[in-house]
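S.K.: Compute the structure for the input listed below.
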Amino acid sequence: MNGFWVVLIAALRGFLRDRVLHALLGFALLLLVLAPVFSLFSMRQVQELSTTVALSAISLTLLVLAVMLGGFSVWRDVERRYTASVLGLPIPRSSYLLGKFAAVAVVLMSTSIFLGFVSLVSVHIAASFYPPDRSLDLMNFMAAIAACSLKYILLSAFALLFSSLSTSFFLPVFGSLAVYLAGGATQEVVEYVTGPSAQSLSNSLITTVKGLYYLLPNFAAFDLSFQAIYGIPLSVEGLLLTFGYFLVYTSLLLLLACYCLARREFP
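M.R.: Numbering: from 1, shown residues only. Prediction:
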């Protein structure tokens, strides 16, 4: 069997036995079950509030999974000296890393699909208490969950890149969180420094901000929560551009991660 598939299957088996993963999914399910209760605090926008709670619960769950699985997968193998035995086999290091990434992506996509189905049930129950004027746009809701999954798969690629560089879990975990926070704010920051209210800023600062904007991931492009909550029509061109952006950015990160791992020496 190809080394990629060997690593993928082994990583998936390890993830499925992870009790932290089970506890996190249980917490997410609890939030989704309680979403109809939370939505009752807004008697005029019950469906909107329950949709917001559901999407927030899915986003939080995928964030923790992306950082935890992406940041710990390679580091844990190094700590347990699994890499010495695995990489001693006729398996390229690139296949090892790509297998790990594929396993994380499968877990994230599977989790989003499962929680998305539970969310639909939760939103339907909440809407049954106070029927809304407009029913939930199913396509927008599914697109929002799919875009959310792509965002955290991209974040997991950052975590694996940091894992290929670091000998501890601090850089993969906190580096990924830093990228997540910065990537979520780049759009607003660049709009501010290029707007009329930022005329007092220096040109060097504006140039630096623009450079970071193009270097860091633009996670705001993957946020379709507003469209899902209020049924705003989606732009097919925008969706295709976002998907293309995801493919290019993720591919570059994986290429860089494979290069770093190939040059790394393991004990």
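
S.K.: hey, let's count contacts and neighbours off CA atoms from now on
M.R.: OK.

S.K.: Please name the residues that touch residue 132.
M.R.: Residue 132 makes contact with 45-47 under the criterion CA atoms under 8 Å, 6 or more residues apart in numbering.

S.K.: Helix or strand: which one has it?
M.R.: Assignment of secondary structure by DSSP states H and E places residue 132 within no helix or strand.

S.K.: Quick check: phi and psi at it.
M.R.: In terms of degrees, to the nearest 10, the main-chain angles of residue 132 are phi -80, psi 160.

S.K.: for residue 232, same thing?
M.R.: Main-chain dihedrals, residue 232, degrees, to the nearest 10: phi -80, psi 130.

S.K.: Run a quick neighbour tally on it.
M.R.: Look at residue 232: counted by other CA atoms under 10 Å, it has 13 neighbours.

S.K.: And the closest residue to it other than its chain neighbours, how far from residue 141?
M.R.: Using CA to CA, 6 or more residues apart in numbering and skipping residues adjacent in sequence, the residue nearest residue 232 is residue 226, 7.5 Å away. Between residue 226 and residue 141 the computed distance is 10 Å (CA to CA, to the nearest Å).

S.K.: Neighbour count for the two, which is higher?
M.R.: Neighbours per residue (other CA under 10 Å) separate residue 226 from residue 141, with residue 141 holding more: 23 against 14.

S.K.: contacting residues for the more buried one?
M.R.: So residue 141 contacts 225, 228-229 (CA under 8 Å, 6+ apart).

S.K.: Report all helices and strands that the helix or strand harbouring the residue nearest to residue 232 contacts.
M.R.: Using DSSP H and E, residue 226 sits within helix 225-230. Here helix 225-230 touches helix 46-79, helix 138-165, going by 3 or more CA pairs under 8 Å, 6 or more residues apart in numbering; DSSP states H and E.
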